[in-house]
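>>> Sharing a model prediction with you, sequence too.
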Amino acid sequence: MIRKDLALGPRSPILMYAVAMPVIITLLLQGVFGNLFERPPRLGIVDLGASELTAAAVALDGLRVTLVTDADELQRRVAAFDLDAGLVLPAGFDDALRSGARPPLTFYVAGESLASDRVILAVTTIDLLRAVEGRRGLVDVEIVAPGGEGVPLQLRLVPFAVLMALFAAGVFVTSFSFAEEREKRTLDALLASPMTLGEVLWAKGLFGGVLAAAMATVTLALNGALVGQAVGLLLALAVGAVMAALFGLLYGVLSPDTKVLYALFKSLNLVVFAPALFYVFPDWPRWIAYLFPTYWLIDPIVEIGQRGAGLGDVWWQLVIGAAICGAMALLVGRLSERVRAPVGA
Amino acid sequence: MTTRRTREFFARGAPTREPSRAGIVGAIVAKDLLTFSRDKLWMVLTPVALVFIVTMFYLMPPRVDETLVIGVHPPAMAAALRLAMGVGDDQVALTVVPFEDEAAMAAAVAGDVPEGAPRPLIGVSLPIDLLLRARLGQSTTARVYVDAAVPNEVRGAMTTAVREVAATAAGAPLPVAWSADEFVVLGTDRAGAQIPLRERMRPMLAFMVLITESLALAGLVAVEVSQRTATALLATPARTVDVLLAKGIVGTLLAFSQALLVLVVTRAFGPGWGVLLLATLLGAMLMAAIGMLTGAAGKDFIGTLFYGMVFLIVLMVPAIAQLFPGSAAPWIQALPSYGLVEAMTGSSVYGLGFGDLAGHLATAAVWTAVLFGLGWWVLGRKLVTL
């Protein structure tokens, strides 16, 4: 059964989807949404005299600097909100600054830029001007983070990417494979052979589960989150992959055809992916996340893979995850009776 | 045993005149709508998608938070900090929360604030003798408390602000001839009245509905093709043109009615309602065209879904680009849905009218006509070769 799925799998768009998913999701989350929610202020500079200010601005962390060729183009881009603000530095600007001549400087601001971004850009510009002027440094400033340093948004989105990888492979592949066997009546042919329904379910689950573990590992690696203890991570991924495959079997036995399966995905995906939101918004009460079964799948993986926790820290979560898997296996066994009945009839 | 309806049918005899073209198209439209209403998948998915989209819209924040909340210790330094940052008392960019105690300020930055009190993400502790030392040209140390979420550029700006407090106290003028009041604002100044992300998301949400309905039409067409019921239809007085017209009407009707519902519920209609209505209609026709194109392949459900998604993901790109600031990249502007999205955003977010959006509407109309023509041609060829 597994050999047949392996041979026919590459022809299925679902399998292609499951394999491509980690790369696509990683690109989307890191490249698009990371920038969407944590967009640094954008400053455009027209530098007509190779000012030191430009080099210092480009080197600044947390500021996106664009060099623009002329003042008209700068004004056009600021007006179109392609930039938050812009400066035009005339030739000889640095010398004028150092001589104390206080050269005029126009600061263009995009009407749609955030008020806070305007202040940040203006204050940062003043700092750069002081640096070029050579009159900075009366006060030493010590930065203190009383709550500790947090996790950047890109890393907070990793659980979502891992869940997507686990579900694309473990749930989609497993459930579509089984639902298609039912829809095309090839399941009848299989059950007419010495193969039992339990063996079919095992084969489908094993195929999806192994693929899910592999894709989750790839996703963690792509996101630089393979830092934890290997044994612990392996166990956490195994529990995650088993749960994903069991979800796939559950969806499969509940769906007489692929259309119903699609409707199930659309309806239940919010519940399945909800725990990932608690990593994006860490202030939300964590007890709510405990209510979702998939939380017990994703949390040990994140704790070990991303935060460097050991098996000793997450063993109880793995036990709860394994218990949920056991309950789901029983449920799949019970519901599979509904699949067997019409075939026998 | 014959029923009453059967007896009546035979009593009427053969039809004496050809049915009108409109009657034939109407009959096919009615049949398709009936088939759609009997399809459990779409009857479940359609309301689920609508509820999900509307809920998502209303769960998103209705306002843009563009204010920096900064704690200051000692309270007497609050005015000096505002001055150094060039922000007046009436400006939304900055809220200064004075603290008598530095430890309390640090706790507030860490999240320990009373219920209802504003939480500063940054706390600035300035030495009480800062101004005196600055005047004497002596160096000193200040402390800036930050929450972990505060990005580097804000930390840098706060460091500068503290230095500027000292520079101002020392009588050092700004090295250039400008002040915060002399900024040149280009474009409509939206400081304090920013457009929330959810408003920008409206075209994307409407597109999500249109996509669902495009797939529904593709499913209907695919079934007609794969089960050869289209051939049976063509054995009646219905011509290929009638079938194609009916499919176009069904697809447009389904997509338009539901996108309209979402736009009404999310209160998208304002001064530019006419443009929005027209853009939605064009969007519905565009999606009907995609439904005809993908359905013509006559694949099974999964095949239709994947063919459709290839087109629809590409068409979604301009709607996603609306979430980012600034103008879209040239390749995004070349996509068929770009004009539609611009027209929808311009009318629903900025209240623009026909005069402002005529170019985008014209582009959208041309693309819709091209794709509709293509869908018509592909499906037409498929029907006659079945």
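Sure, I can see it. All of these numbers come straight from a predicted model, not from anything done at the bench.

>>> Pull up the residues of the stretch 201-350 of chain B that are close to chain A.
Within the stretch 201-350 of chain B, the positions near chain A by C-beta under 8 Å from any C-beta of the partner chain are B:300-303, B:305-306, B:320, B:323-327. To be clear about C-beta, it is placed using only N, CA and C from the backbone, and glycine gets the same treatment.

>>> Buried ones among those residues?
For those, burial is judged from neighbour counts taken by 16 or more other C-beta atoms under 10 Å in any protein chain shown, and it is met by B:300-303, B:305-306, B:320, B:325-326.

>>> and the residues you listed as a markdown table, adding secondary structure?
A markdown table is the format used below for these (DSSP: H, G, I helix; E, B strand; the rest coil):
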| residue | secondary structure |
| --- | --- |
| B:D300 | coil |
| B:F301 | helix |
| B:I302 | helix |
| B:G303 | helix |
| B:L305 | helix |
| B:F306 | helix |
| B:I320 | helix |
| B:P325 | coil |
| B:G326 | coil |
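
>>> wait, which of those residues is closest to B:T159?
B:P325 (26.1 Å; C-beta to C-beta).

>>> what about the residue of the stretch 1-150 of chain B found nearest chain A, helix or strand, and which?
As assessed by C-beta to the nearest C-beta, chain A sits closest to B:A148 within the stretch 1-150 of chain B, at 2.9 Å. Counting by DSSP states H and E, no helix or strand carries B:A148.

>>> ditto for A:Y108
Going by DSSP H and E, A:Y108 is in strand A:107-110.

>>> what are the ranges of the strands in chain A?
A:42-47, A:64-67, A:85-89, A:107-110, A:139-144 (DSSP state E).

>>> do the stretch 51-200 of chain B as well
B:68-73, B:94-98, B:122-125, B:140-146, B:184-186 (DSSP state E, counting those that start in this stretch).

>>> Check which helices and strands the third one is in contact with.
Looking back up the chat, that one is strand B:122-125. Applying 3 or more C-beta pairs under 8 Å, 6 or more residues apart in numbering or on different chains; DSSP states H and E, we find strand B:122-125 packed against strand B:68-73, helix B:102-109, strand B:140-146, helix B:152-169.

>>> can you list the domain ranges for the chain.
By default, I'm working from chain A. Taking automatic domain parsing as the reference, chain A has its domains at A:2-33+A:152-344, A:39-133.

>>> I was thinking of chain B, sorry if that wasn't clear
If you go by automatic domain parsing, chain B breaks into B:23-60+B:195-385, B:68-182.

>>> sorry, back to before: export the strands of the stretch 51-200 of chain B to JSON lines and tack on distance to A:D188, mean pLDDT and mean neighbour count?
Listed next are the strands of the stretch 51-200 of chain B as JSON lines, based on distance: least, C-beta to C-beta, whole Å; pLDDT from 0 to 100; neighbours: other C-beta atoms under 10 Å in any protein chain shown:
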{"stretch": "strand B:68-73", "distance to A:D188": "66", "mean pLDDT": "88", "mean neighbour count": "24"}
{"stretch": "strand B:94-98", "distance to A:D188": "69", "mean pLDDT": "86", "mean neighbour count": "18"}
{"stretch": "strand B:122-125", "distance to A:D188": "67", "mean pLDDT": "88", "mean neighbour count": "25"}
{"stretch": "strand B:140-146", "distance to A:D188": "65", "mean pLDDT": "86", "mean neighbour count": "20"}
{"stretch": "strand B:184-186", "distance to A:D188": "70", "mean pLDDT": "83", "mean neighbour count": "18"}
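
>>> Please identify which of those is closest to A:P293.
Going by C-beta to C-beta, the one of the strands of the stretch 51-200 of chain B nearest A:P293 is strand B:140-146, 37.1 Å.

>>> who are the neighbours in contact with the residue nearest to A:L166 when sequence neighbours are not counted?
With C-beta to C-beta, 6 or more residues apart in numbering or on different chains as the criterion, A:L166 has its nearest non-adjacent residue at 4.4 Å, and that residue is A:A244. Contacts for A:A244 were tallied using C-beta atoms under 8 Å, 6 or more residues apart in numbering or on different chains; they are A:166-167, A:169-171, A:174, A:208-209, A:212, A:297.

>>> I'd like the helices and strands packed on strand B:122-125 laid out as a markdown table, including distance to chain A.
Shown next, in a markdown table, are these (distance: least, C-beta to the nearest C-beta, whole Å):
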| stretch | distance to chain A |
| --- | --- |
| strand B:68-73 | 5 |
| helix B:102-109 | 5 |
| strand B:140-146 | 5 |
| helix B:152-169 | 3 |
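
>>> Of all those, which one is nearest B:D189?
strand B:68-73 (18.4 Å).

>>> By mean pLDDT, show me the worst of the domains of chain B.
Least confidently modelled of those is domain B:68-182, at a mean of 81 by mean pLDDT.

>>> what's the offset of it from the middle of its chain?
Distance, stretch centre to chain centre, for domain B:68-182: 37 Å (C-alpha atoms, centre = their mean, to the nearest Å).

>>> Next, format the contacts of A:A244 as CSV and append neighbour count and pLDDT.
Shown next, in CSV, are the contacts of A:A244 (neighbours: other C-beta atoms under 10 Å in any protein chain shown; pLDDT from 0 to 100):
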residue, neighbour count, pLDDT
A:L166, 33, 84
A:F167, 28, 83
A:A169, 32, 84
A:G170, 32, 86
A:V171, 27, 87
A:T174, 31, 89
A:G208, 33, 88
A:G209, 25, 90
A:A212, 31, 88
A:L297, 33, 82
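
>>> I'd say B:L217 and B:L253 touch.
No: the criterion here is C-beta atoms under 8 Å, and B:L217 misses it with B:L253 at 9.7 Å.

>>> Which residue of those two possesses the greater neighbour count?
B:L217 (30 against 18; other C-beta atoms under 10 Å in any protein chain shown).

>>> Secondary structure of that one: a helix, I assume?
Yes: B:L217 forms part of a helix when assessed by three-state DSSP.

>>> ok, and the closest non-adjacent residue to it?
What sits nearest to B:L217 in space, not counting adjacent residues and going by C-beta to C-beta, 6+ apart, is B:G291, at 3.1 Å.

>>> which ones are touching that neighbour?
So B:G291 contacts B:213-218, B:220-221, B:247, B:251, B:308, B:375 (C-beta under 8 Å, 6+ apart).
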